[in-house]
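Undergrad: Coordinates for the following, if possible.
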Amino acid sequence: MRKILSYFMVFVIIMMSFGIEGQSVEAATIYEQMNCPGWTFNLSINQSSPYGSTVFSSNSEVATASITSTMQFYDPIRKVTWYYAVVSITTKSPGTAILSISQTSQKIYVMVTEHTWDEGVVTTEPTCSEDGIKTYTCSSCSKTKKEIITTTVNHVWETEYSVDEDANCTESGSKSIHCTVCGEQKGDSSIIIPAKGHNLAKKEAKEETCLEVGNKCYWYCDVCHKYYNDEKATEETTLTEATLPAKGHNLVKKEAKEETCLEAGNKCYWYCDACHKYFNDEKATEETTLAEATLPAKGHNLVKKEAKEETCLEAGNKCYWYCDACHKYFNDEKATKETTLANVTLPAKGHNLVKKEAKEETCLEAGNKCYWYCDVCHKYFNDERATEETTLAETTLSAKGTHTWDKGEVAVAATTTSTGIKTYKCISCGRTKTEIIPKVLENISNKKLSRTQIISKKVRNKMVKIKWKKVKNAKGYQIRYSKKLTMKGAKKLISKTTSIKLKKLILKKKYYFQVRAYSINTDGSKRYAKWSNKNKINMK
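TA: This next block holds a predicted model:
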C-alpha cells in the first residue's frame, strides 16, 4: 500500500509542476494523496448531482480545502447532467486529513508526510567576518530550507606585501598585507611604492628611403612604453608622429636606344633619382643595373679601300676604311681617325680649291684655320686665289688636350676561338673607343707535366709527413688520402712545396695516399697531371 501511495504522490507532484488539475473524482471514490507540508494543488471532482459550496475538513490543522470554481455539462449518451467542481487543497503539517464535500458522501484522504531533506549544499562559503549559508532540498517536493553556517575562521595574514596599485614612471603606487582567506587589508599596513622613473633609450634619427620608413630622433621608455621628443621626457609624442613614411620611388624613364659601332645603347629602363637604382618596369618591381641595361657598342665592320691616284679627268682617292654598319670613313684600320669621303677623294688635276672653314679645336678633335685645299695637287692655300701656300700642319689647331681614358670595360670577352672587345671612355669629354682583345691562347702546360712519385713518409704520433718528387712546370700539388683503397670519400689538400704534414689521423688505422701536380691556365683554371701510385701507411 505504501509503495502505491508513493507512486501516486509522484504522479500528483508531476501534475502540479506543470500546473495541471488532478483527475476527476467520482462519487464514493476515495483518493489518498501524499504531500509534504506547504503544498497547494487542485483536484477536479464531478458527480451527477450538484455539490454544495462548502468543503470542510475533519482535521483542518493537516490540510485545508475549498471549491474555487464549478460548472455543469450535459451527457447526451447517458442523458444526465454532470457537475464539476475544482477543489484547491493546501497541506499544512504531517498527518492525514479527511476532506468531505457537503451534500455528498464524497471523501478525499490527504496524507501529508515530513520533508525528506538531503545532506545539503554550502551555497555561501563563510568568511573571516561573515557567516555562510547551507541549503537543503526536499527529495519529495524539491522545496528548500537554509541554515546559517557560523564563521569560526580568523584572519590569516600574508607574510609578504601584495601590490595594491603598481607604481609607474611618474606616479607612486602602494602595497599592503592581506588576509589569505578573505583578502581583507590588514590595518595600516599600506606602504607607498615610489615612482619608478623613466628608463629612456634614444632612437637616433634615420632618413626615410624610397621603400623603407625612417624616423625622427626620439626617446622610448621601456617602463611606461611611451615616446618622447626630448631626453628629459617633457614632451610626449607617439610612434606614428616620430615615423617618417617611405618617400616612394621618383622614377624617370630612359627610352631604349640602339647601340652603334662606337657608342653603347641601352634597353628601356627606369631610374630612381632618390635611391639611384635602376628598374625594368615603371612599377619598380624588377630591379636591374646600369650594366645590365647597357647595350655595348657593336664595333666597326671595316672594308679597306686601296689608294687610287687621280688623273686629269678622273678623281682618285686616298687609302681609307669604310664601315658598312655606321657608314663612316676612317683613315686607319683601327678607326681612330674619322674622315669623310670628300677628304679621301682625289679630284681630277688642275686646281680645284675647296674652302675649309675655320673650326675650333675641342678635347676630342683638332680644329683648323680657314684655308683652301686643292684636291688635284693636294696643296693648301691661305686664300681663295691660291697665292699664299701653306701646309695642313700650319692650318691645323691641335686638340686642347689628349683623352684621359678610364680603365675600360670588357664589352665582349675573348675566348680561345674569337677576339673580344674592350670599351674605354674619356673622363673629360665622354668620348669612347674600343680595343680588340686578342684570342685567349689555350694553355698546353698540362701536356708537359709528368707524374710524380712519393719518395718518403714518416709517422709520428697522429701525424704523417710525406715527400714527393718535384715536377717541372708545376705550380703546385694536390694531395688526397683515405682509409679506403678505392679513395672513396678522400680528403684533398693543396701544397705549393713537395712535402706536407697530415695531422689528427686515427691511430691503428690504415691510410692510402696519392699526389699529383697541377698548372694554371691563362683563364685561371687548373690542369692536373695523373695521380701518383697509391701509398699505404699503418698508423701505430
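
Undergrad: how close does Thr390 get to Ala358?
TA: 13 Å (Cβ to Cβ, to the nearest Å). Using the backbone N, CA and C atoms, a C-beta is placed for each residue, glycine as well.

Undergrad: what residues are up against the residue positioned nearest the centre of the chain?
TA: Residue closest to the average C-alpha location in the chain (Cα atoms, centre = their mean): Glu212, at 14.7 Å. Taking Cβ atoms under 8 Å, 6 or more residues apart in numbering as the criterion, Glu212 is in contact with Ala246.

Undergrad: Could you tell me the per-residue confidence at it?
TA: pLDDT recorded at Glu212 is 87.

Undergrad: On the three-state scheme, it is what?
TA: coil (DSSP: H, G, I helix; E, B strand; the rest coil).

Undergrad: Can you pull out the low-pLDDT segments for the protein?
TA: 1-33, 46-58, 101-106, 152-153, 311-313, 440-447 (pLDDT under 70).

Undergrad: can you give me the helices for it?
TA: Taking DSSP state H, the helices of the chain run over residues 2-17, 239-242, 290-293, 341-344, 392-395.

Undergrad: related to what we said a few turns ago, show me which of Thr390 and Ala358 is the more surrounded one.
TA: Thr390 (16 against 11; other Cβ atoms under 10 Å).

Undergrad: separation between that one and Phe381?
TA: With Cβ to Cβ as the criterion, Thr390 and Phe381 are 6 Å apart.

Undergrad: anything in contact with each of these two?
TA: What both Thr390 and Phe381 touch, as defined by Cβ under 8 Å, 6+ apart, is the set Tyr371.

Undergrad: Surely Asp222 touches Lys196?
TA: No: checked against Cβ atoms under 8 Å, the pair Asp222 and Lys196 is beyond contact range at 10.8 Å.

Undergrad: Could you check which of the two is surrounded by more residues?
TA: Lys196 (17 against 10).

Undergrad: Quick one: residues contacting that one.
TA: So Lys196 contacts 167-169, 223 (Cβ under 8 Å, 6+ apart).

Undergrad: Just the buried ones among these, please.
TA: 167-169 (16 or more other Cβ atoms under 10 Å).

Undergrad: What is the nearest of those residues to Cys323?
TA: Taking Cβ to Cβ as the measure, Cys323 lies nearest Cys169 of those, at 79.0 Å.

Undergrad: Quick check, the closest one in contact with Leu200.
TA: No: assessed by Cβ under 8 Å, Cys169 is found out of contact with Leu200, at 9.5 Å.

Undergrad: got any residues that touch both of those two?
TA: Counting by Cβ under 8 Å, 6+ apart, the common neighbours of Cys169 and Leu200 are 221, 233.

Undergrad: Bridged to Ala97, which residues?
TA: Beta bridges link Ala97 to Val110 when assigned by DSSP bridges.

Undergrad: wait, it sits on Met34?
TA: No: the criterion here is Cβ under 8 Å, and Ala97 misses it with Met34 at 11.9 Å.

Undergrad: the more surrounded of these two?
TA: Ala97 (24 against 20).

Undergrad: so Gln72 makes contact with Trp82?
TA: Yes: with contact defined as Cβ under 8 Å, Gln72 and Trp82 form a contacting pair (6.7 Å).

Undergrad: Between those two, point out the one with more neighbours.
TA: Trp82 (16 against 10).

Undergrad: and that one, how far is that from Pro76?
TA: With distances taken as Cβ to Cβ, Trp82 is found 11 Å from Pro76.

Undergrad: Over to Val121?
TA: Per Cβ to Cβ, Val121 is found 57 Å from Pro76.

Undergrad: who's more crowded, the two?
TA: Val121 (11 against 6).

Undergrad: follow-up on the earlier one: in a markdown table: the buried ones among the contacts of Lys196, plus distance to Ser88.
TA: Formatted as a markdown table, the buried ones among the contacts of Lys196 follow (distance: Cβ to Cβ, whole Å):
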| residue | distance to Ser88 |
| --- | --- |
| Ala167 | 69 |
| Asn168 | 68 |
| Cys169 | 73 |
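
Undergrad: just those now: which is nearest Phe513?
TA: For these, the nearest to Phe513 is Cys169 (71.5 Å; Cβ to Cβ).

Undergrad: The closest residue to the closest one other than its chain neighbours: what's it in contact with?
TA: In space, Cys169 comes closest to Cys224 once its chain neighbours are excluded; the distance is 4.3 Å by Cβ to Cβ, 6 or more residues apart in numbering. Cys224 is in contact with 168-170, 198, counting by Cβ under 8 Å, 6+ apart.

Undergrad: Just those: which are in strands?
TA: Among those, no member falls in strands (DSSP state E).

Undergrad: can I get those residues in CSV with distance to Thr285?
TA: Formatted as CSV, these follow (distance: Cβ to Cβ, whole Å):
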residue, distance to Thr285
Asn168, 47
Cys169, 45
Thr170, 48
His198, 44
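
Undergrad: Sort out which one of these lies nearest Thr423 for me.
TA: Looking across the contacts of Cys224 and measuring by Cβ to Cβ, the closest to Thr423 is His198, at 61.4 Å.

Undergrad: residues contacting that closest one?
TA: 169-170, 221, 223-224, 228, 233.

Undergrad: With Val471 as the reference, measure out to it.
TA: 74 Å.

Undergrad: Lys308 too?
TA: 60 Å.

Undergrad: Which of the two has more residues huddled nearby?
TA: When Lys308 and Val471 are compared for neighbours, Val471 comes out ahead with 22 against 14, by other Cβ under 10 Å.

Undergrad: Can you get me a residue count around Cys275?
TA: For Cys275, using other Cβ under 10 Å, the count is 14.

Undergrad: cool, the one 10 residues further on as well?
TA: Here the neighbour count serves as a burial measure; for Thr285 (other Cβ under 10 Å) it reads 8.

Undergrad: Now it. Nearest residue, chain neighbours left out?
TA: Per Cβ to Cβ, 6+ apart, closest to Thr285 is Phe279, 7.5 Å.
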